[in-house]
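In: Using only what follows, build the 3D model:
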Amino acid sequence: MGAGAGPGQGSVSVAGDNYAPITTGDYSPVRVTTVGPLPPAGDVPPASGPVGIPGHVPLFVGRTGELADLERVLADGPGVVVQAVHGLGGIGKSALAARYALLHAGEYTQVVWVSAEDPAGIEAGLGRFAIALEPQLDEILSSDALAERATAWLAAHDRWLLILDNVNSVNDIAPLLARLGGGGGRFLATSRRATGWHRVGAAALRLGVLEPDEALVLLAGILRVAPDDLDGGAGLCAELGFLPLALSQAGAYMGQSGLGPRDYLRLLAEHPAHLYATGDEDTVSERTIARIWRITLDRLADDPLAGQVLRILAWYAPEGIPRTLLDGLAGPPALLRAVGRLAAYSMITADNHVLGMHRLVQAVTRTADLGDPHRSPEAIAEARAQGTRQLAAALPGPDWEDPAGWPAWRMLLPHIDALASHTPPAADTETTAYVLGQAGSFLHDQGQVARAAGYLQRALADRQRVLGQDHPDTLTSRNNLAGVYQSAGDLGRAISLYERTLADRQRVLGQDHPDTLISRSNLAGVYQKAGDLDRAIRLSQRTLADRQRVLGEDHPKTLASRNNLAGAYQAAGDLDRAILLFEQALADSVRLLGQDHPQTLLVRNNLAYAHEVAGDVGRAIPLFEQTLADRQRVLGQDHPDTLVSRSNLAGAYEAAGDPGRAILLFEQALADSVRVLGQDHPQTLASRNNLAYAHESAGDLDRAIPLYEQTLADSVRVLGQDHPQTKIVRGNLTAVRQQPQ
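Out: This next block holds a predicted model:
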């Protein structure tokens, strides 16, 4: 009988109603384990060619570095060599091993491919090799005897290559490696398992995704077109994370359906669950990206925390995920075990501080599938909610001006971005609004006005929907959004929003509530910005008096009000009163907040500017120099306040009659503003105007006029015809054009 014979052969069936085949107990074919003496395994010649290996590797692209690594490790040398290739399912491990084997088959006495997912698979693969060596054994030896015969042959020979494909556990292959470890053969293992290879002395090679140009070549090859003719192909490759299996699956689907890359991307956005599970008619469902990672999660099903961690990480950015974002999900030992097992199966990457997850694994994990117990709609929704709560708990705190929290903010922002982009606004919760509101305020403080506005607009809409128009948190969101509009130069919208917020806070919270006082102060500031100085001074005086009464003389908000009133006096031309108040505010800030507090640095900058406006550059320059040095040290070179200090010091040098020094510093300030804040930020426009004015002061009108013209055009476009900053630039350009050329 053949090796594939099954139970029931030779059973008797009797015709007639209600008769079933008659069997006599277990009826499997009998395989003998001995047939008399066999020739020594060492005397058996090799098979005529590789055994079990795929006949070809279609459309293999790239991997030149990895192939070179395999060639180096598996090169001639004494003793057995074990090389493992590990990585995410679908990354191309088996294709790489097959490619290496086909390229180098002539260098080995024998090449054998064994599916090594479990001990039974290893035994079956070795049995097939034994039959390839001695076909007559198929009729007479049991499977374990065949595997033993194959092992004996390998032990008696050198220079063979045994490929153990898809190893699930190092323990499954350890006995075989130990048996053959004294020879001169070569083992090449592929596995999703990233850990444990040291137990068998294996060198480990982690396989990553394709390079972008390689991925495009693969996709184009599947579709039989030139890469340059594949419109939208690069974008599709990026969306699929340059993963070979995903590219092959997408290419098969596109080839069968006649879709182009852009159409496929649109369909993927609308029906992700369908496309993740579908290729063409010949695509095996178990080899789709929707199923390939489910196999791993099935193996981890004994630890539900592992699946929960994976679903939470799917809502963050792919790289640089702080481990602290998982704090509190479970006790440290359980959490470490879950993370470690996910990393061991290449579902995530992990080091001491951060985690990573392939973007396509994230996309599939976020996509509900009723047929996948790991991706039920309820589990995915809970993971999104929990991921949001984890982010909220990890935020550094409400003091966005404190540089101590900035590294944490910068690490978390990509993950807040990712969460916001993957979450439909209708699914936002109160916690989502809190995270977006805090992030928007930090970005505003950092000068990233456009990003801040997007976050704060969404946070306000969320809170209005979830909490109602009059909730204190809703009013805070409205206040913060007005501040961003003010920073962007949209003073009309800012004034309207500030006035509405003040009225609502007075009605809901009362006249003396600290939030009401904040609204009153902010409205005074925007009136001043808009040139309405009478209203600004009256409102600033009232706010200072109220804060002194409600919060006390030494409260930081009271100090801020003193500074703000001084600024209003200065804007109105009352410099003596302004300087006295600035000096008092600076002394109080140093005493209560310290020399390096951002508010202290702000007041010192403002006092310096008041001295400059009063014509006392001798006092202004040392204060500006000290403030710039302190801001560089405390806030960093690129903080918006540091950029302001650099520009202000340049202006003081110019006022002191040192145009050369001023121009160099203005040029640096402009370059930094463009790089950090962008071409259209109001501060960038002010820096360009100031540089033009410095060139004008130095008599270089050929440089001044084009800069003024560019600044005016940009100011009109960004800020509007009637913005105070636009009017200043227009006046400067008019004046310089009237000068003799």
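In: So in the chain, where's the weakest helix or strand by average pLDDT?
Out: helix 289-299 (a mean of 83; mean pLDDT, DSSP states H and E).
In: which parts of it are buried?
Out: 289, 290, 291, 292, 293, 294, 296, 297 (16 or more other Cβ atoms under 10 Å). C-betas here are computed from N, CA, C, even on glycine.
In: Go through the following helix or strand past it and flag the buried ones.
Out: Later in the chain than helix 289-299, the nearest helix or strand by DSSP states H and E is helix 304-313. Going by neighbour count (16+ other Cβ under 10 Å), the buried part of helix 304-313 is 305, 306, 307, 308, 309, 310, 311, 312, 313.
In: same question, stretch 524-532
Out: Buried-residue list, stretch 524-532, by 16+ other Cβ under 10 Å: 524, 525, 526, 527, 528, 529, 530.
In: Tell me which helix or strand the fifth one sits in.
Out: With secondary structure defined by DSSP H and E, residue 528 is part of helix 514-529.
In: Any chance you could list what contacts whichever helix or strand comes after that helix?
Out: Where DSSP H and E defines the elements, the next helix or strand beyond helix 514-529 is helix 533-550. With contacts defined as Cβ atoms under 8 Å, 6 or more residues apart in numbering, helix 533-550 is touched by 511-512, 514, 517, 520-521, 523-525, 527-528, 555, 557-558, 561-562, 564-565, 568-569, 571-572.
In: helices and strands around the helix or strand hosting residue 393, which ones?
Out: Residue 393 belongs to helix 377-394 when assigned by DSSP H and E. Helices and strands touching helix 377-394, by 3 or more Cβ pairs under 8 Å, 6 or more residues apart in numbering; DSSP states H and E, are helix 304-313, helix 359-366, helix 406-422, helix 430-445.
In: Show the average pLDDT along it.
Out: Mean pLDDT, helix 377-394: 96.
In: List the contacts of it.
Out: So helix 377-394 is contacted by 307-308, 311-316, 322, 324-329, 365-368, 370, 408, 412, 415-416, 419, 422-423, 427, 429, 431-432, 434-435 (Cβ under 8 Å, 6+ apart).
In: Just the CA atoms of it, as CSV, please.
Out: Coordinates of each C-alpha in helix 377-394 appear next as CSV, following Å, rounded to 0.1, in the frame of the first residue of the first chain:
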residue,chain,number,x,y,z
PRO,A,377,-16.4,45.2,17.1
GLU,A,378,-16.8,45.3,20.9
ALA,A,379,-13.1,44.4,21.5
ILE,A,380,-11.9,47.0,19.1
ALA,A,381,-14.1,49.7,20.5
GLU,A,382,-13.0,48.9,24.0
ALA,A,383,-9.3,48.9,22.9
ARG,A,384,-9.8,52.4,21.4
ALA,A,385,-11.4,53.7,24.5
GLN,A,386,-8.7,52.1,26.7
GLY,A,387,-5.9,53.4,24.5
THR,A,388,-7.4,56.9,24.9
ARG,A,389,-7.5,56.6,28.6
GLN,A,390,-3.9,55.4,28.7
LEU,A,391,-2.9,58.5,26.7
ALA,A,392,-4.8,60.8,29.0
ALA,A,393,-3.1,59.3,32.1
ALA,A,394,0.3,59.7,30.5
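In: Report the distance from it to the chain centre.
Out: Computed by Cα atoms, centre = their mean, to the nearest Å, the chain-centroid distance of helix 377-394 equals 17 Å.
In: for stretch 46-59, same thing?
Out: 40 Å.
In: buried sites along it?
Out: So, applying 16+ other Cβ under 10 Å, buried residues of stretch 46-59: 46, 47, 50, 51, 52, 53, 54, 57, 59.
In: for the biggest strand by length in the chain, what is the average pLDDT?
Out: What stands out as the longest strand in the chain, according to DSSP state E, is strand 160-167. Averaged over strand 160-167, pLDDT sits at 95.
In: which residues make contact with it from outside it?
Out: For strand 160-167, the surrounding residues in contact (Cβ under 8 Å, 6+ apart) are 53, 74, 84, 94, 97-98, 101, 104-105, 108-117, 122, 154, 173, 180, 185-193.
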